[in-house]
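In: Let me see the structure of the following:
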Amino acid sequence: MSDALNLPAEARERAGKGASRAIRREGRTPAVIYGGKEEPTMIHVEQKELVKLLNTGHFMNSIVNIEIGGKTVRTLPKDVAFHPVTDRPVHVDFLRMTGDSLVQVQVPVMFVNEDASPGLKKGGVLNVVRHELDLICPNASIPEEIQVDVTGKDVGDSIHISDVTLPKGVKSAITDRDFTIATLVAPSALKSSGTEAGEEAAAGEEAEAE
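Out: Next comes the predicted model:
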């Protein structure tokens, strides 16, 4: 899993739009910690520190240790609201982690052993349908990425979730179908209109899987 991130915070006594605006004028971002059978905790964090964590690229699937009042609360980011003009974070929701609770996260896909794929060696193109997987994981073992092996895959082959070995204790959040992660298409399928034809082929595979 991604390394845990640390974020200092201060308690927020007042809720409401007026109080939140005042906090933002001070260069801070209002947030809330909820879950774990406890009352929600209103906090605010330094915006610069929050942006730094957002820029790591794995904020949403990392455990964030929030330091508040001399205590550390283990959380998972669940939602970040951004200003429509400045794109700065204006509010964050954190889910409190307790015990061995399960969490649903999106984990990026990484394709491996491409040199062992006959289709790719012929010049085929790996057309990715899902760049991330919706997974249910123990909160203490969230994978940083899921590796998908393309060994032996030829042009015309599809890779489904059933082809992927997930880490122990991790399962797909989508259980009603064997959905497509990627297809291996011939380069000629992309010739007429860039990647459009390849995307249509992948969409067809997805429809068949469903």
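In: Now find how far off-centre stretch 136-153 is within its chain.
Out: 12 Å (C-alpha atoms, centre = their mean, to the nearest Å).
In: Quick check: buried residues in it?
Out: The neighbour-count check on stretch 136-153 (16 or more other C-beta atoms under 10 Å) flags Ile136, Cys137, Pro138, Asn139, Ile142, Pro143, Ile146, Val148, Asp149, Val150, Lys153 as buried. (Each C-beta comes from the backbone N, C-alpha and C, glycine too.)
In: what's the answer for stretch 39-46, then?
Out: Neighbour-count burial for stretch 39-46 [16+ other C-beta under 10 Å]: Thr41, Met42, Ile43, His44, Val45, Glu46.
In: The residue lying closest to the last one once chain neighbours are set aside: neighbour count?
Out: This means Glu46. In this structure, Glu46 finds its nearest non-sequential neighbour in Arg28, 5.7 Å apart by C-beta to C-beta, 6 or more residues apart in numbering. By other C-beta atoms under 10 Å, 21 other residues sit near Arg28.
In: what do you get for the one 3 residues further on?
Out: Using other C-beta under 10 Å as the criterion, Ala31 is surrounded by 24 other residues.
In: what about the nearest residue to it once chain neighbours are set aside, distance to Gly36?
Out: Residue nearest to Ala31 in three dimensions, not counting chain neighbours: Val92, with 4.1 Å by C-beta to C-beta, 6+ apart. Distance, Val92 to Gly36, by C-beta to C-beta, to the nearest Å: 17 Å.
In: before we move on, what about Leu53?
Out: 21 Å.
In: which of these two has more neighbours?
Out: Leu53 (18 against 15).
In: Tell me who's in contact with that one.
Out: Residues near Leu53 by C-beta atoms under 8 Å, 6 or more residues apart in numbering: Leu5, Leu7, Phe59, Val64.
In: Show me how this structure divides into domains.
Out: Domain assignment for the chain by automatic domain parsing gives 5-98, 103-209.
In: which one of the ones you listed has the lowest average pLDDT?
Out: Mean pLDDT per stretch puts domain 103-209 lowest among the domains of the chain, at a mean of 84.
In: Now for the buried residues of stretch 136-153: which two are most distant?
Out: Asn139 and Lys153 (33.4 Å; C-beta to C-beta).
In: Excluding chain neighbours, give the residue nearest to Ala116 in space.
Out: Closest to Ala116 by C-beta to C-beta, 6+ apart is Thr151, at 4.2 Å.
In: Likewise for Gly69?
Out: In space, Gly69 is closest to Ala11, 6.5 Å off (C-beta to C-beta, 6+ apart).
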